[in-house]
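> with the sequence up front, the predicted model follows.
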Amino acid sequence: MPADSAALSARSDDGRSFIVGDAAGSAFVAGSLIVIVGGNGRRQLALVEERSETTPVRLRGRLVGELGADGIDTRASHAFERGSIEAADARTVQALHDTTGAVLEVGVNLTEPGGPARLLPQRFNRHTFWCGQSGSGKTYALGVVLEQLIAHTALPVVIFDPNSDFIRLGELHPDADGRTADALRQRDIRVLRPHAGPGSRLRAAFLGMPLTSKAAILHLDPVADREEFNELIHLRTLIESGELFDILPTMLASDSPVQRRLAQRVENLGLLDWEVWAGRDAPVTEIVDTRPDVTVLDLGGFSTPEQQLVVALALLDDLWARREERRPVLLVIDEAHNLASPHLDSPIAVAVRERLIQIAAEGRKFGLWLLLSTQRPSKVHPGILSQCDNLALMKMTSPADLDELGTYFGYAPTALLERSPWFRQGEALFAGGFAPTPSLVKVRTRLTREGGGDVRVPLR
């Protein structure tokens, strides 16, 4: 036991939190795990959440669970009037991991007693928010966690990849070895790209989309454009004989002026020039429905943002329509502001965002789970952000953003959030259901290749 902990005395009035009234000389900081031994001999694991800078120095935190011969009972904690404090050791941390099922090794813990940092795979059945400013190592670290999740679970993963950062997720470094690397080599990882060969093209089928989504693509309002919208409704039988774009000549030659106007709208919007339409290729909905271990959607390969939105809307609509099948899938949305921003206002962007809000609010019970990664919390709609029960935070220097995170993610100790501006590249705070306790972590090295990366400055 460290000398500076021997004289410390803790108290818990409610059996959930604790306070140390005078911690002068103690090295414990926010994020430290400690063991509190009550007068009755009960040993409880606790997390320091706050160290005051006042005199006397006080420690505050939460009780994690009771230590016993069979591990740590995280459902049991007890009030006490006076308890002595010990520093938690590596065996205690291992017991916490064993008890909670934390097996995804994502790095090393930066707070004593150190050791491996692990996440709980079963708690990815909650929505996750991943945030960090440019240069924080956000995308690299996300790749580390996805490697672990893909290797050690059977949860299908779909990655919406706007910057082609994950297109090499199936390529391991030559020197990658160990259990995780071996497992990754066995996984079915599909990469769909706009300009790939047959079977790997990223495409969407207009025909298979709901009426409201077709109308969003065509910029049709059911009231302002009531005649054309109504014509679209009645074209269902005709469209079933082929895609809307296949029957366009028939529509242009129709005796119906409304049908001709609808066809002209298609031409005027330039939809015929979009390469996103499936034609004879399998649409993304069919490929994801076969549930590969991983499906990477290289959205960045399209020439226009609207085509990225079409792919997203087609897949999200299909998954929502099939929700009663309760087939779990993790939807990883990198640069989530492209799909979930509160400021997007085009009809198709609004349709995508509204579907994401619906999945965030109701999708969890159907096995539709989100992991949203972005640079700032304000870039994601509050209706989605507020539903996230897991947080991964990397370097963030904006006080306003940190305040916003504190508002939405009360389970993350304020003192740990406040350390974010001083994180080095690759360091992160993990908090919420997927972390045994809120932890500051240095993320491990990736086993697979990055699809992108910083361009180096040429030097003489």
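Great, that's in hand.
> alpha carbons of the helix or strand that contains residue 312, as CSV, please.
If you go by DSSP states H and E, residue 312 is part of helix 305-321. Extracted in CSV, the C-alpha atoms of helix 305-321 (Å, rounded to 0.1, in the frame of the first residue of the first chain):
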residue,chain,number,x,y,z
PRO,A,305,-22.9,14.3,-51.9
GLU,A,306,-26.5,13.5,-53.0
GLN,A,307,-25.5,10.0,-54.1
GLN,A,308,-23.9,9.3,-50.7
LEU,A,309,-27.2,10.3,-49.2
VAL,A,310,-29.1,8.0,-51.6
VAL,A,311,-27.0,5.0,-50.5
ALA,A,312,-27.5,5.8,-46.8
LEU,A,313,-31.2,6.4,-47.1
ALA,A,314,-31.8,3.2,-49.1
LEU,A,315,-30.0,1.1,-46.5
LEU,A,316,-31.4,2.8,-43.5
ASP,A,317,-34.9,2.5,-44.9
ASP,A,318,-34.5,-1.2,-45.6
LEU,A,319,-33.1,-2.0,-42.2
TRP,A,320,-35.9,-0.1,-40.5
ALA,A,321,-38.5,-1.9,-42.7
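> in it, what counts as buried?
305-320 (16 or more other Cβ atoms under 10 Å). In short, each C-beta sits where N, CA and C put it, glycine included.
> which one of those residues is nearest to residue 189?
Using Cβ to Cβ, residue 315 comes nearest to residue 189 of those, at 17.2 Å.
> and that closest one, what does it touch?
If you count contacts by Cβ atoms under 8 Å, 6 or more residues apart in numbering, residue 315 has them with 158, 204, 284, 285, 288, 297.
> how about the residue lying closest to residue 324 once chain neighbours are set aside, what does it touch?
Nearest residue to residue 324, sequence neighbours excluded (Cβ to Cβ, 6 or more residues apart in numbering): residue 366, at 7.1 Å. Going by Cβ under 8 Å, 6+ apart, residue 366 touches 323, 324, 326.
> can you name the helix or strand that the most centrally placed residue in the chain falls in?
Central residue of the chain (Cα atoms, centre = their mean): residue 371, 1.8 Å from the mean position. Assigned by DSSP H and E, residue 371 belongs to strand 368-374.
> who are the packing partners of that strand?
If you count contacts as 3 or more Cβ pairs under 8 Å, 6 or more residues apart in numbering; DSSP states H and E, strand 368-374 packs onto strand 127-131, helix 138-152, strand 329-333, helix 337-340, helix 347-362.
> quick one: it to helix 305-321, angle?
Interaxial angle, strand 368-374 versus helix 305-321 (axes from the mean of the first three to the mean of the last three Cα atoms, to 10 degrees): 150 degrees.
> mean confidence (pLDDT) on strand 368-374, please.
Strand 368-374 shows an average pLDDT of 98 in the prediction.
> gap between that strand and the chain center?
Computed by Cα atoms, centre = their mean, to the nearest Å, the chain-centroid distance of strand 368-374 equals 3 Å.
> got it, and stretch 218-228?
The chain centre lies 35 Å from the centre of stretch 218-228; the measure is Cα atoms, centre = their mean.
> quick check: buried residues in it?
Going by neighbour count (16+ other Cβ under 10 Å), the buried part of stretch 218-228 is 218, 220, 225, 228.
> phi, psi of the first one?
Going back to what we said before, that points to residue 218. Here is the backbone geometry of residue 218 (degrees, to the nearest 10): phi -90, psi 0.
> so what's the nearest residue to it once chain neighbours are set aside up against?
Using Cβ to Cβ, 6+ apart and skipping residues adjacent in sequence, the residue nearest residue 218 is residue 265, 5.9 Å away. By Cβ under 8 Å, 6+ apart, the contact list for residue 265 reads 218, 219, 220, 228.
> residue 265 and residue 258: what is the separation?
From residue 265 over to residue 258 the distance is 11 Å, taken as Cβ to Cβ, to the nearest Å.
> what do those two both touch?
Common neighbours of residue 265 and residue 258, counting by Cβ under 8 Å, 6+ apart, are residue 228.
> before we move on, back to that, now the helix holding residue 312, how far from the centre of its chain.
18 Å.
> and the furthest pair within the contacts of residue 315?
Longest span within those, Cβ to Cβ: 158 and 204, 13.9 Å.
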